[in-house]
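J.: my questions concern the predicted model and sequence given below.
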Amino acid sequence: MGFKFSFVRYLFLFVIILSVGCSGLSGLREENLLLSKRIQELETEQYMLESERRSLEEMLQGTGATVNVKDGKIAVTLPSSVFFNSGQATLKKKAKSSLTKVGNAIKNDFPYGTIRVEGHTDSDPIKRTRSIYASNWELSAKRAASVLHFLVGKCGLDSNRLYIAGFGEYQPIASNNTKKGKKQNRRVEIVILASR
């Protein structure tokens, strides 16, 4: 009786383990299918994002602006040396035609969604215009605001879609220990947060 009881008990445990294993395996298969689907969606998003970036880059050739992907969003970078005089936040006259081209491209190709206009500087303290800009934060925010006002006023972008952010020297893309690095860090970026 003991052997028969033990055999039945072990057989019962084996059936339970087998059924739990099968349901666990089924769950893993389901999870794998969901992950595969998500990977395909992300690959499609990446392809579309890269396609949009290349298209915008072609439209903006000759403007001094560059187009890249920043944190999964399209970003148009305007180098300060092309668009502003040192320590100033007023757009250069010769930069306005380039910025018009940028604004029109954004208006036509990205008619929906939110756009953040970011100002960035190098780490050098403000000297000549210290009475106007207490720090690089103020200068970067004012440059972003100048670009925003131009995009709204001259290019007709919807003001409800745009906002500014002044990052000062706190989000460098290159070293502030070299002239070349500082030049890269002085920029305004137009980040298209949502395009649909």
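T.: Thanks, I have it. Residues are numbered from 1 along each chain as shown.
J.: how about low-confidence regions in the chain?
T.: Applying pLDDT under 70 to the chain flags residues 1-25, 195-196.
J.: again, 90 this time
T.: Residues of the chain meeting the criterion pLDDT under 90: 1-39, 41-49, 70-72, 86, 94, 112-113, 194-196.
J.: pop the domain breakdown of the chain in here.
T.: Domain ranges of the chain: 1-59, 62-192, per automatic domain parsing.
J.: need the winner for burial among the ones you listed.
T.: Scoring the domains of the chain by mean neighbour count under mean count of other C-beta atoms under 10 Å gives domain 62-192 as the most buried, with a mean of 17. For glycine as for every other residue, the C-beta is placed from the backbone atoms N, C-alpha and C.
J.: how long is that one end to end?
T.: Terminal residues of domain 62-192 are spaced 21 Å apart (C-alpha to C-alpha, to the nearest Å).
J.: what bridges to A165?
T.: Beta-bridge pairing for A165 (DSSP bridges): E118.
J.: measure it to A105 for me?
T.: For A165, the distance to A105 equals 21 Å [C-beta to C-beta, to the nearest Å].
J.: my read: K73 touches V191, true?
T.: Yes: K73 is within contact range of V191, at 5.4 Å (criterion: C-beta atoms under 8 Å).
J.: looks to me like Y133 is in a strand.
T.: No: Y133 is assigned coil when assessed by DSSP: H, G, I helix; E, B strand; the rest coil, not a strand.
J.: helix or strand for the closest residue in space to it that isn't next to it in sequence, which one?
T.: Among residues not flanking Y133 along the chain, L139 sits closest, at 4.2 Å (C-beta to C-beta, 6 or more residues apart in numbering). L139 belongs to helix 136-153 when assigned by DSSP states H and E.
J.: show me how far that helix is from its chain's centre.
T.: Remark: helix 136-153 is offset 18 Å from the chain centroid, using C-alpha atoms, centre = their mean, to the nearest Å.
J.: restricting to C-alpha, output it in PDB.
T.: Extracted C-alpha coordinates of helix 136-153, given in PDB (Å, rounded to 0.1, in the frame of the first residue of the first chain):
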ATOM      1  CA  ASN A 136      24.900  82.100 -19.200                       C
ATOM      2  CA  TRP A 137      21.400  80.900 -18.200                       C
ATOM      3  CA  GLU A 138      19.900  84.300 -19.100                       C
ATOM      4  CA  LEU A 139      21.800  84.600 -22.300                       C
ATOM      5  CA  SER A 140      20.800  81.100 -23.400                       C
ATOM      6  CA  ALA A 141      17.200  81.700 -22.500                       C
ATOM      7  CA  LYS A 142      17.100  85.000 -24.400                       C
ATOM      8  CA  ARG A 143      18.700  83.500 -27.500                       C
ATOM      9  CA  ALA A 144      16.100  80.700 -27.400                       C
ATOM     10  CA  ALA A 145      13.400  83.300 -27.000                       C
ATOM     11  CA  SER A 146      14.700  85.300 -30.000                       C
ATOM     12  CA  VAL A 147      14.500  82.200 -32.200                       C
ATOM     13  CA  LEU A 148      11.000  81.400 -30.900                       C
ATOM     14  CA  HIS A 149       9.700  84.900 -31.600                       C
ATOM     15  CA  PHE A 150      11.100  84.700 -35.100                       C
ATOM     16  CA  LEU A 151       9.600  81.300 -35.800                       C
ATOM     17  CA  VAL A 152       6.200  82.500 -34.600                       C
ATOM     18  CA  GLY A 153       6.300  86.100 -36.000                       C
END
